[in-house]
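**Q** When you get a sec, could you give me coordinates for this:
(one chain, ligands or ions: 1)
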Amino acid sequence: FLFPAPSTSSCSTCTCPTAICPAQPSCPPVAACPAPVSNPCCDTCRSCKKERFRRSILSNATYIVAEDVLTNTNSLSKKQKREISKENLDSDKCNSPALQQIILQNIDRVTSIGKKRMQEVAESTLGARYNVICARGDFSYIANTEEYCQQTVGDVTCFLFKQLSDVRFFSNARPGDPHKLVDLEAYTPDKIRNFGIVAHVDHGKSTLADRILELCGVAAPGQQQMLDRLQVEKERGITVKAQTASLPYKGYLVNLIDTPGHVDFSAEVSRSLAVCDGIVLLVAANEGVQAQTVANFWLAFEKDITIIPVINKIDLPGADVKMVTSQLKTLFDIEENECVLISAKKGLNVGQVLDKVVENIPPPKADPKKVFRGLLFDSYFDNYRGAIAHVLVKEGSLQKGQKISSYHNGRSYEVSEVGIMRPEMIRCSQLFAGQVGYVVCNMKTVAEALIGETLYSASLDRKDVVPFEGMKLVQPTVYAGLFPVESADYENLKQAVERLCLNDSSVTVTPDSSRALGLGWRIGFLGVLHMEVFGARLSQEYDASVILCQPSVEYRAIIKDNDTIRKRYDGKSEIRILDPGKFPDHFDVEEFLEPMVKVRMIVPSSMMGVVNGLCSECRGERGDINSIDEQRMIIVWRLPLAEVVVDFFERLKKLTSGYASFDYENDGYNSSKLVKLAILINEKEVSEFSQIIPAAMARDRARLLLHRLKREIPRQQFEVVIKACIGQSTKALSQVVIQPMKRDFSQLLKGNFGGGGMERLNKKLSHQKKGKERMKTLGNVQIPKEAFLNILKN
Ligand SMILES: Nc1nc2c(ncn2[C@@H]2O[C@H](COP(=O)(O)OP(=O)(O)OP(=O)(O)O)[C@@H](O)[C@H]2O)c(=O)[nH]1
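**A** Sure, this is the predicted structure:
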């Protein structure tokens, strides 16, 4: 019996579950327990013994048994079972490091793909039959094995073992066991603090969250990025999804939300702030205030919530605390003495941050006396349990079995589980007013768990319920085609896309198709990084191979005020243009519109010139310029989004050697001259390569496309002319020629340059030329699929 479950009794040293022990109803509390190795009550009381045995079976128990006894487990006495397992305790195959590594590398959200992959890797590397059991929470099994490993990652426990014969999966933990459930009743609103950690990218949010988890005794020291659970988050070291953790601290329940720093995920930040009464605004001492810091400050300021300024990374040699405090004073009027100086990495002064949180952030405005009403602020999809909603309980309480309704969706549910994140899901008996937790209530899709939804007790009449102010829905800014690499994988990919979308409500999906790439989708994302993360998650979590095409933005066209013309566009006065195949006729359009963004950049003063040059090259309009200290300026430009999504940030980083930071927000539409850039190969249009772009970008884009096409299309028997043209015109904006393959007739000369040799050669060459001309008019250019992939790929 190798991995005892965490102690569930109120006494850490004595395993006696006090609540069911009639002999000793007052088992000493944890602190006062005098190390009773053999607590008398456990030996004398029958029901206690019985319960203990039941627990030993139903807790995380791994029985390592010999092959012959496995078939006969039922006949084993309880004692025998324990002894058998003890015998194997010394085995060096227990928790084998090789298996541990395989689990850590392959564990995901317990999808069958993840399990299969883990099994395959173990079998191929270790050359024996292996099996995997994965589940959330406690589970028990009897496995006949001689080598195994049990590992918990996040809220998933995984048992990978060399399989000698059958496995018996015992049962999940008892869901209703009151000993397992955390009781949060003591945390009344005045004992609760809800706050978010916000900062620019890489200023140390997740590291600070790790240290806070350690300080609150929830995590072992030294663990990293505990709130970044997705593989893509771990690999790239970025936070993509905001995560909550409810932690006990000095008699308070502090709910922290670790938010993403990258501009693409700023919607996550504003969503998180809806449930916070304050923020910890983190600034790295070596980099100072950056673009995202400014954006986050104003977000919190507008919401009128408490801001606790914290300067991180003070251990670094390049840390300049004076510079940061003066920047904070200039930009936000924050006094030097308000700042907490910490090193999240070293764990220095982290306690001071929590003390400030408790002292300065007000308790949530919540009323425990009323009937339940809660705000749904986030959700994700679990393959087994459907949508899991994260809620802030504003009034009353929420518990298992309670009937609730959703205000906007108008549906009713029965709550099957409530709990808090710590950072794994921990079941609780009840969630009380002011607390942040999760609720499972048989919502089938995330669409039902609408962000900003008001949940209320079904005992209330809908007309008496005041809904919470909804949250602003974020609109995608960039769109890209998504196709399976092999058309046969379409159905599998469809399922994967649907599931992933359930976890990421900010993407939009519309079916699309292409002659070259088959069936697929046009997907709307919040930015290019969001798009990359989506692609990476598809391959990592669903094992899918996908082609993500080059991103484009959503243009619009105002149709001329004429009934006949408007009829062609379903009577609409304004249309969205995403598909080049549906680009409207210029004569029908009054005006084309292109999306604009307000870009805020913080750059060293010495590099102002180059940055301004870049922005005006990108058709920008200059906005405000302010200095934040002697060395840094904050500059604002209004730029077309199409210019920003391509490679603006890379160019900015290159020009400023990485010293500039940037952040943008949508800023309406501008009138623009748009064109359709068509690619003609031997005078035939290949629609897959067509693009809608502002006329100003057409020439550069045409050159780039033609350069790629020339590289990718193999030489043919005849000459191939590739032209980039505007709209229906056949006049080339740019053109490249791929020379034909030629047969070498020079051997005909055989050194005979005079006489008939030269003549024969010329005759052959002229025949060849004529033949190729004929083929050029008749033949189709062969474009291999790989060429399509390489050109269309982002
Ligand atoms: N020297 C030093 N390094 C730190 C400190 N805090 C964080 N770091 C490092 O800074 C890097 C970024 O830290 P993260 O915690 O991932 O930053 P983040 O703000 O969560 O990043 P995003 O989620 O991508 O926005 C990591 O390499 C950390 O080890 C600190 O106090 N001192």
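**Q** Up against the ligand, what does this protein have?
**A** 199, 201-207, 237-239, 260-261, 312-313, 315-316, 343-345 (C-beta under 6 Å from any ligand atom). C-beta coordinates here come from the backbone N, C-alpha and C atoms, glycine included.
**Q** what's the residue in the stretch 1-150 of the chain positioned nearest to the ligand in contact with, if anything?
**A** Going by C-beta to the nearest ligand atom, the ligand is nearest to Leu104 of the stretch 1-150 of the chain, at 19.0 Å. When the contact criterion is C-beta atoms under 8 Å, 6 or more residues apart in numbering, the partners of Leu104 are 151, 153.
**Q** check which helix or strand covers the residue of the stretch 351-500 of the chain found nearest the ligand.
**A** The ligand sits closest to Val353 of the stretch 351-500 of the chain, with a gap of 11.9 Å, by C-beta to the nearest ligand atom. Assigned by DSSP states H and E, Val353 belongs to helix 350-360.
**Q** Now do that helix, average pLDDT.
**A** On average, the pLDDT along helix 350-360 is 93.
**Q** quick one: it to chain centroid distance?
**A** When distances are taken as C-alpha atoms, centre = their mean, to the nearest Å, helix 350-360 is centred 29 Å away from the chain's centroid.
**Q** Cross the residues of the chain next to the ligand against strands and list the overlap.
**A** 199, 312 (DSSP state E).
**Q** And for the helix holding Val353, what's in contact with it?
**A** Looking at what lies outside helix 350-360 - C-beta under 8 Å, 6+ apart - the contacts are 193, 195, 208, 211-212, 215-216, 249-250, 252, 254, 278, 280, 306, 308, 310, 340, 342, 344.
**Q** buried stuff in it?
**A** 350-351, 353-354, 356-358 (16 or more other C-beta atoms under 10 Å).
**Q** Dump the residues you listed to CSV, plus distance to Leu299.
**A** Shown next, in CSV, are those (distance: C-beta to C-beta, whole Å):
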residue, distance to Leu299
Val350, 24
Gly351, 27
Val353, 20
Leu354, 22
Lys356, 20
Val357, 18
Val358, 23
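**Q** Quick check: of those residues, which lies closest to Leu450?
**A** Lowest distance from Leu450 to the buried residues of helix 350-360 (C-beta to C-beta) belongs to Val357, with 29.9 Å.
**Q** Next up, the contacts around Ala557.
**A** 574-575, 577, 584, 589-593, 674.
**Q** Write the ChimeraX selection for whichever of these are buried.
**A** Filtering the contacts of Ala557 down to the buried ones (16+ other C-beta under 10 Å) takes a single ChimeraX command:
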select :575,577,584,589,592,593,674
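**Q** Show me what residue of this structure gets nearest to the ligand.
**A** Gly261 (2.5 Å).
**Q** Can you report how many residues lie near the closest residue to that residue other than its chain neighbours?
**A** Nearest residue to Gly261, sequence neighbours excluded (C-beta to C-beta, 6 or more residues apart in numbering): Val201, at 3.8 Å. Residues lying near Val201 (other C-beta atoms under 10 Å) number 20.
**Q** Please, where are all the helices along the stretch 151-300 of the chain?
**A** 205-215, 231-236, 266-273, 291-302 (DSSP state H, counting those that start in this stretch).
**Q** Lowest mean pLDDT across these, which one is that?
**A** What stands lowest among these, in mean pLDDT terms, is helix 231-236, with a mean of 74.
**Q** and it, what does it pack onto?
**A** helix 528-542 (3 or more C-beta pairs under 8 Å, 6 or more residues apart in numbering; DSSP states H and E).
**Q** Please report phi then psi for the residue of the chain closest to the ligand.
**A** phi -100, psi -20 (degrees, to the nearest 10).
**Q** Run through who's touching stretch 308-318.
**A** Taking C-beta under 8 Å, 6+ apart as the rule, stretch 308-318 contacts 195, 199, 203-204, 207-208, 278-286, 319, 321, 324-325, 328, 332, 334, 338-346, 348, 353, 356-357, 360-361.
**Q** Mark which of these are buried, thanks.
**A** 195, 199, 203-204, 207-208, 278-286, 319, 321, 324-325, 328, 332, 334, 339-345, 353, 356-357, 361.
**Q** The residue nearest to Gly261 reaches Gln292, doesn't it?
**A** Yes: between Val201 and Gln292 there is a contact at 6.4 Å, judged by C-beta atoms under 8 Å.
**Q** still on that earlier bit, convert the C-alpha atoms of the helix holding Val353 to PDB, please.
**A** Extracted C-alpha coordinates of helix 350-360, given in PDB (Å, rounded to 0.1, in the frame of the first residue of the first chain):
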ATOM      1  CA  VAL A 350       6.400  37.700  -1.100                       C
ATOM      2  CA  GLY A 351       4.600  37.700   2.300                       C
ATOM      3  CA  GLN A 352       4.500  41.500   2.200                       C
ATOM      4  CA  VAL A 353       2.600  41.300  -1.000                       C
ATOM      5  CA  LEU A 354      -0.100  39.100   0.600                       C
ATOM      6  CA  ASP A 355      -0.100  41.300   3.700                       C
ATOM      7  CA  LYS A 356      -0.800  44.300   1.500                       C
ATOM      8  CA  VAL A 357      -3.500  42.400  -0.300                       C
ATOM      9  CA  VAL A 358      -5.300  41.600   3.000                       C
ATOM     10  CA  GLU A 359      -4.800  45.100   4.300                       C
ATOM     11  CA  ASN A 360      -5.600  47.200   1.300                       C
END
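**Q** what's the next helix or strand after that helix packed up against?
**A** Per DSSP H and E, helix 350-360 leads on to strand 373-382 as the next helix or strand towards the C-terminus. On a contact count with 3+ C-beta pairs under 8 Å, 6+ apart, strand 373-382 meets helix 266-273, strand 386-395, strand 454-457, helix 490-503.
**Q** mind listing what's buried in stretch 391-404?
**A** 391-400, 402, 404.
**Q** How about stretch 475-484?
**A** For stretch 475-484, by 16+ other C-beta under 10 Å, it's 476-484.
**Q** so who does Asp367 touch?
**A** 394-396, 433.
**Q** CSV please, covering the residues you listed and showing pLDDT.
**A** Shown next, in CSV, are these (pLDDT from 0 to 100):
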residue, pLDDT
Lys394, 92
Glu395, 92
Gly396, 92
Ala433, 92
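**Q** among the residues you listed, which two are most distant?
**A** Lys394 and Gly396 (8.3 Å).
**Q** Mind listing the strands the strand ranked longest in the chain pairs with, and their directions?
**A** Taking DSSP E as the criterion, the chain has its longest strand at strand 589-604. Under the criterion DSSP bridges, strand 589-604 sits next to strand 555-559 (antiparallel), strand 632-640 (antiparallel), strand 661-672 (antiparallel) in its sheet.
**Q** what's downstream of it, the next helix or strand?
**A** Next in line after strand 589-604, if elements are assigned by DSSP H and E, sits helix 608-617.
**Q** Mind checking what secondary structure Ser459 has?
**A** coil (DSSP: H, G, I helix; E, B strand; the rest coil).
**Q** Which strand residues bridge the closest residue to Pro467 other than its chain neighbours?
**A** Spatial nearest neighbour of Pro467, excluding adjacent residues (C-beta to C-beta, 6+ apart): Thr454 at 4.1 Å. Thr454 has these beta-bridge partners by DSSP bridges: Leu375.
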